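Asks: Sequence plus predicted model, see below.
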Amino acid sequence: MPARSKRLDRIPPYLFAEISRVKAELIAKGEDIIDLGIGDPDQPTPAPIVEALKRAAEDPATHSYDESARGWPRFLSASARWYKREFGVELNHETEMMEVIGSKEALAHIVWAFADPGDVVIVPDPAYPVYKTHAAMCGAEVYTSPLLESNSYLPDLGAIPAGIAKRAKLFFVCYPHNPTGALATEEFYRDAIAFCRENDTLLIADMAYIRVTYDGYRSPTVLQQEGAKDVVVEFHSLSKTFNMTGWRIGFVAGNPDAVAALAKLKDNIDTKQFPAVAEAAAFALENVSNEETLALYQRRRDILVDGLNSLGWKVKRPKATFYVWAPVPSGCTSADFAKLILQKAGVLCTPGSGFGEAGEGYIRMSLTVRGDKDGERLAEAVRRIKECGIRFTC
Ligand SMILES: Cc1ncc(COP(=O)(O)O)c(C=O)c1O
């Protein structure tokens with residue numbers, strides 16, 4: 001067997017190995033683990049979308065390669081109409097959009113379409129790891145912008161050194177934010193656009209959670225801001241919005257040159273999604289509202305946040321995403337604290353340090369807990385944490 005590429009060795013080691021080991025050990029002993037680690041909708045895809053897939057799969061027109069330039073035209077035009085309805089922005093689905101096989105691959109591939117060795121890629125910390133992993137594999141210089149609670153988990157644009165900014169090809173942002181649940185303001189987006197314009201940088205906005213919002217809150221998008229199309233591409237996904245993570249479908253929207261660059265790369269990698277999936281996804285965007293699932297997450301959020309706060313914890317109530325970002329007791333690492341809660345209470349949380357150095361000091365708890373009907377597993381998690389006697393000391 002020949003050696004793997006050196007580039008593959010730039011992927012950092014799996015940080016949750018110890019937690020996974022303890023989890024496996026406890027499960028083998030027959031313990032009931034409440035898994036708040038996974039960020040994957042536990043509810044099924046709404047039945048009308050599954051029915052739409054069945055109908056589309058029976059149509060032989062969906063059985064061959066999708067030879068369109070940018071993706072299944074009915075999916076792209078439905079995506080453009082959805083965007084206009086939701087965010088009030090017109091998009092040309094032939095030049096400013098493309099279909100992708102879930103946003104993860106597209107977020108990875110945009111780096112390969114733009115970054116050469118020696119270029120700078122600015123990534124937030126903590127963050128979804130894909131941005132950094134691919135920037136490192138490309139040989140780009142990764143500049144991490146810490147997202148601090150004191151700055152509402154927004155990057156401090158003024159703290160990015162001018163020399164770094166000038167060499168930055170890409171700047172990743174993600175709001176509503178995984179893992180902190182933080183939100184962006186329109187003002188931040190305007191500043192980020194100005195920063196990218198000044199430095200000839202492409203702003204990559206990961207919008208995976210744009211419609212996972214509560215309490216009537218609606219998140220702004222970058223493309224709503226003036227001049228955004230000059231420097232921005234947004235990455236959208238049906239995964240979290242419609243409980244469709246396994247279906248692998250999303251779209252990219254924004255600057256036509258950036259979309260064209262990604263399309264050129266992907267034309268040489270994949271041959272697009274199964275058209276029946278794209279057809280069903282178009283149906284979802286046009287016909288389905290997932291408000292019921294959002295209402296369920298909201299009830300679970302309140303049970304968890306109120307419960308933990310009643311124990312004296314200081315946990316913020318997120319207005320978006322399905323993550324609760326909780327501080328760990330001082331003097332304790334997030335990995336140690338996650339291990340302690342798992343061993344003592346049988347509740348699995350993700351250590352914040354797994355999302356980057358600035359995630360140290362926090363754990364992430366997901367509201368997409370499997371086997372839960374209406375919040376009873378979250379209530380049980382709070383009860384167990386209370387009864388096991390964890391008192392914010394390690
Ligand atoms: C912040 C963020 N972006 C993108 C994705 C990828 O989603 P998908 O590839 O299913 O569209 C995820 C998935 O967990 C995520 O958390």
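Replies: All right, it came through fine. Residues are numbered from 1 along each chain as shown.

Asks: Quick check: which helices or strands does the helix or strand where residue 297 lies pack against?
Replies: Assigned by DSSP states H and E, residue 297 belongs to helix 291-310. Under the contact definition 3 or more C-beta pairs under 8 Å, 6 or more residues apart in numbering; DSSP states H and E, helix 291-310 sits against strand 323-327, helix 376-387. The way it works is simple: take the backbone N, C-alpha and C, and place the C-beta from them, glycine included.

Asks: In CSV, list those along with mean neighbour count, distance to the ligand and mean pLDDT.
Replies: CSV is the format used below for those (neighbours: other C-beta atoms under 10 Å; distance: least, C-beta to the nearest ligand atom, whole Å; pLDDT from 0 to 100):
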stretch, mean neighbour count, distance to the ligand, mean pLDDT
strand 323-327, 22, 9, 97
helix 376-387, 18, 20, 96
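
Asks: Looking at these, which is nearest to residue 174?
Replies: strand 323-327 (11.9 Å; C-beta to C-beta).

Asks: Give me the next element, helix or strand, following that closest one.
Replies: With DSSP H and E, the next secondary element past strand 323-327 is helix 334-345.

Asks: Which strands or helices does that next one pack on?
Replies: Applying 3+ C-beta pairs under 8 Å, 6+ apart, we find helix 334-345 packed against helix 17-28, strand 347-348, strand 350-351, strand 362-366, helix 376-387.

Asks: I'd like to know which of these lies nearest to residue 329.
Replies: Nearest of those (C-beta to C-beta): strand 362-366, 10.7 Å.

Asks: sorry, back to before: tell me which of the helices and strands packed on helix 291-310 approaches residue 238 most closely.
Replies: strand 323-327 (19.0 Å).

Asks: pLDDT value on residue 228, please?
Replies: According to the prediction, residue 228 has pLDDT 98.

Asks: That one against residue 202, yeah?
Replies: No: judged on C-beta atoms under 8 Å, residue 228 makes no contact with residue 202 at a distance of 11.6 Å.

Asks: Please state the backbone phi and psi of residue 360?
Replies: Main-chain torsions, residue 360, degrees, to the nearest 10: phi -60, psi 140.

Asks: Please list all residues in contact with it.
Replies: 333, 334, 352, 353 (C-beta atoms under 8 Å, 6 or more residues apart in numbering).

Asks: Burial check on the first one, number of neighbours?
Replies: Look at residue 333: counted by other C-beta atoms under 10 Å, it has 15 neighbours.

Asks: what about residue 56, which SS state?
Replies: Look at residue 56: counting by DSSP: H, G, I helix; E, B strand; the rest coil, its state is helix.

Asks: Can you report how many residues lie near it?
Replies: Neighbours of residue 56 (other C-beta under 10 Å): 22.

Asks: Mind pulling up the pLDDT for residue 26?
Replies: For residue 26, the model assigns a pLDDT of 88.

Asks: cool, and residue 15?
Replies: Confidence score, pLDDT, at residue 15: 66.

Asks: Next: residue 317.
Replies: pLDDT at residue 317 comes out at 98.

Asks: hey, where'd the strands end up in the protein?
Replies: 34-35, 97-100, 120-125, 141-146, 168-174, 202-206, 232-237, 250-254, 323-327, 347-348, 350-351, 362-366 (DSSP state E).

Asks: Any buried residues in the lowest-mean-pLDDT helix or strand in the chain, and which?
Replies: None of the helices or strands of the chain scores lower by mean pLDDT, DSSP states H and E than helix 17-28, at a mean of 84. Under the neighbour-count criterion of 16 or more other C-beta atoms under 10 Å, helix 17-28 has 19, 22, 23, 26 buried.

Asks: where in the stretch 251-394 of the chain is pLDDT low?
Replies: The model of the stretch 251-394 of the chain has pLDDT under 70 over residues 391-394.

Asks: one more time with 50
Replies: Nowhere does the stretch 251-394 of the chain drop to pLDDT under 50.

Asks: What about the residue in it that the ligand sits nearest to, how many residues nearby?
Replies: Taking C-beta to the nearest ligand atom, the ligand has its nearest neighbour within the stretch 251-394 of the chain at residue 321, 8.3 Å off. Neighbourhood size, residue 321 [other C-beta under 10 Å]: 31.

Asks: Mind putting the helices and strands packed on helix 334-345 into TSV with distance to residue 221?
Replies: Shown next, in TSV, are these (distance: least, C-beta to C-beta, whole Å):
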stretch	distance to residue 221
helix 17-28	34
strand 347-348	33
strand 350-351	27
strand 362-366	24
helix 376-387	30
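
Asks: who wins for proximity to residue 168 among the ones you listed?
Replies: Among these, if distance is taken as C-beta to C-beta, the winner is strand 362-366, at 26.8 Å.

Asks: elements contacting that closest one?
Replies: strand 323-327, helix 334-345, strand 350-351.

Asks: Wait, residue 251 touches residue 77, no?
Replies: No: counting by C-beta under 8 Å, residue 251 does not reach residue 77; the two are 10.9 Å apart.

Asks: more crowded one of these two?
Replies: Higher neighbour count among residue 251 and residue 77: residue 251, with 31 against 17, using other C-beta under 10 Å.
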